[in-house]
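Asker: just the structure for this:
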Amino acid sequence: MARFALATGLRESNGRLLRWNHVRLDAKQPSAWIDGEDAKSGERISVALNDDAVNVLNGQRAQHGDVVFIYRGKPVTRCSNSAWYRALKKVGLEWFR
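Answerer: Alright, predicted model coming up:
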């Protein structure tokens, strides 16, 4: 999730709650979107996906469920915890918020 957030600039909650039916990897320009009801501004957010974001999503495909990012078979409910900070440190993104 940290790599995906860095690649897209999406807020933590938008990336955390991203659903597969809001992702288009097979398009000429891969993209994702957040419905307005889930966006802080109340307006739909469209995001063009770069190669890094696509690679992250391709790595999540083997997981089951409607939500892209899951942990132990369940949607991630919270990111700002010790596991999140350990993951950031592991990938060298300790400065990332």
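
Asker: now do the same contact list for Arg16.
Answerer: Arg16 sits next to Met1, Phe69, Pro75, Val76, Thr77, Cys79 when contact means C-beta atoms under 8 Å, 6 or more residues apart in numbering. Bear in mind the C-beta positions are built from the backbone N, C-alpha and C, glycine included.

Asker: in contact with the nearest residue to Glu43 once chain neighbours are set aside, which residues?
Answerer: Among residues not flanking Glu43 along the chain, Gly36 sits closest, at 5.0 Å (C-beta to C-beta, 6 or more residues apart in numbering). For Gly36, the contact set (C-beta under 8 Å, 6+ apart) comprises Gly42, Glu43, Arg44.

Asker: from what I can see the last one touches Ala32, true?
Answerer: No. Judged on C-beta atoms under 8 Å, Arg44 makes no contact with Ala32 at a distance of 11.2 Å.

Asker: let me know the closest of the contacts of Arg16 to Leu93.
Answerer: Met1 (11.0 Å; C-beta to C-beta).

Asker: got the phi and psi for the residue of the chain positioned farthest from its centre?
Answerer: When distances are taken from the C-alpha mean of the chain, Lys28 lies farthest, 20.1 Å away, according to C-alpha atoms, centre = their mean. Main-chain dihedrals, Lys28, degrees, to the nearest 10: phi -60, psi -40.
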